[in-house]
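> Have a look at this prediction, sequence included:
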Amino acid sequence: MTSVQSQSNSFRPQIIMSASDINFNVRKREDARSRLFHPWSQVSPNVLPSSLVFQIGSLFHNHAKYCVSKFFEEDAMSLEQYADIVKQYRSLKIAPPEKSDVRFAEYLINDLFLDILPEPLFKVKNVEKLLENEGIFKTSDSVYKLVLLFHGSQKDPKPCGGMIMSYPKKKTFSDIDYLYIDTLAIRRDFQNKAFSRLLLSYAQKFAKTLHLQELQLFTNNEGTKAYIPYGFAPCGYSCKLWDSYSLSERFYEVKGIRNRRLYFCLNDNSAIKMSKEKLLFALSGK
């Protein structure tokens, strides 16, 4: 309830804003929002300002325990904004293929992915369809999504990396559904640059757009060296138990596992923290 001011108070005239004043304030808010979403416009490349660190927080932030994919609210980073940041700071373009990239079908199969492809994409014609359809290929029960990497220093037009993800072909997902990373590969001459971490963060954000709560992948002994420090855990281990282990204990546990199928839970605060730290290092070029 508002209180009534006494008549002895000085009269305060009502301020009426003109259309030009309103437009000016709108532009000010848009400029401020632009600086939040595009902090690189104020700093030189390869320098991570506090505004970017804050913005990265919105990429990983758990807005609600049972609705971690609700990221469309104001000031949350979108998938496109994340790709823009990666391009600015690492000169790396992460994007679905264009129709002209169909010429790289055999290169993807025989060189980049080295035949490590999901079964529906064993055939060249299906990979061509995947490329022609801007990185989407559908089967009766699954949807496959391809993103490619292109670095600004490349002298050749072929992708320097890529990732294929898949998810169930459904209108809504249950708690047991997940985004599966079928293939993640970086060309040999672009390895050891933390590009895989940038792709994993892209997969995290893409999973949120689908309202999926978990990532899964299958890897070998070499792959665990990258995935375990990022926050992945072996399937079958609870988040609570896995969080109680140190990093060295996690590696020790993984050694005794034959079937190295790993998962990343988007409700696991420990995993989120690890992946966020890895992303910040990757953006800084480390």
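Received it, and whenever you're ready, just let me know what you need. Being a predicted model, the structure only gives us computed values, none of them experimental.
> got the contact list for the lengthiest strand in the chain?
Assignment by DSSP state E gives strand 142-151 as the longest strand of the chain. Applying C-beta atoms under 8 Å, 6 or more residues apart in numbering, the external contacts of strand 142-151 come out as 90-97, 101, 118, 120-121, 130-131, 135-138, 159-169, 182, 186, 190, 195, 199, 202, 206. (Glycine included, C-beta is placed from N, CA and C.)
> Stretch 228-244 too?
Against stretch 228-244 from outside (C-beta under 8 Å, 6+ apart): 197, 200, 215-217, 247, 250-251, 253-254, 257, 260-265, 267-268, 270-275, 278.
> Equivalent analysis for stretch 114-126, please.
105-106, 109, 127, 130, 137, 139, 142, 144, 164, 166, 182-183, 185.
> again, only using 7 Å
With contacts defined as C-beta atoms under 7 Å, 6 or more residues apart in numbering, stretch 114-126 is touched by Ala105, Glu106, Ile109, Val127, Leu130, Phe137, Thr139, Tyr144, Ile164, Ser166, Asp182, Thr183.
> Spatially nearest residue to the second one, not counting backbone neighbours?
On the basis of C-beta to C-beta, 6 or more residues apart in numbering, the spatially nearest residue to Glu106 that is not a chain neighbour turns out to be Val124, at 6.2 Å.
> Quickly note the distance from that neighbour to Gly135.
Val124 is 16 Å from Gly135, where distance means C-beta to C-beta, to the nearest Å.
> Then Ser196?
Taking C-beta to C-beta, one finds Ser196 at 18 Å from Gly135.
> Repeat that for Glu277.
From Glu277 over to Gly135 (counting by C-beta to C-beta), the distance is 29 Å.
> Between those two, tell me which one has more neighbours.
Gly135 (20 against 14; other C-beta atoms under 10 Å).
> quick revisit: can you flag the buried ones in the contacts of stretch 114-126?
Listed as buried from those are Ala105, Ile109, Val127, Leu130, Phe137, Tyr144, Ile164, Ser166, Asp182, Thr183; burial here means 16 or more other C-beta atoms under 10 Å.
> quick one: the last one and Phe113 touch, right?
Yes. With the criterion set as C-beta atoms under 7 Å, Thr183 and Phe113 qualify as a contacting pair; they are 5.2 Å apart.
> avg pLDDT for stretch 151-165?
For stretch 151-165, the mean per-residue pLDDT is 95.
> Closest to the centroid, which residue in this structure?
The centre of the chain sits closest to Tyr202, judged by C-alpha atoms, centre = their mean, with a distance of 2.0 Å.
> so which helix or strand takes in that residue?
Using DSSP states H and E, Tyr202 falls within helix 195-209.
> now the angle from that helix to strand 142-151?
140 degrees (axes from the mean of the first three to the mean of the last three C-alpha atoms, to 10 degrees).
> okay, the angle between the next helix or strand after helix 195-209 and helix 195-209?
Sequence order places strand 214-218 as the next helix or strand after helix 195-209, per DSSP H and E. For strand 214-218 against helix 195-209, the angle by the same axes, to 10 degrees is 140 degrees.
> Name the residues of the helix or strand following strand 214-218 that are buried.
Toward the C-terminal end, the helix or strand that comes next after strand 214-218 (DSSP H and E) is helix 221-230. Within helix 221-230, the residues that count as buried by 16+ other C-beta under 10 Å are Gly223, Thr224, Ala226, Tyr227, Ile228, Pro229, Tyr230.
> Need the residues you listed in a markdown table (columns: distance to Ile85 and pLDDT).
What follows is the buried residues of helix 221-230, written out as a markdown table (distance: C-beta to C-beta, whole Å; pLDDT from 0 to 100):
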| residue | distance to Ile85 | pLDDT |
| --- | --- | --- |
| Gly223 | 26 | 83 |
| Thr224 | 28 | 89 |
| Ala226 | 21 | 89 |
| Tyr227 | 22 | 94 |
| Ile228 | 25 | 94 |
| Pro229 | 22 | 94 |
| Tyr230 | 18 | 94 |
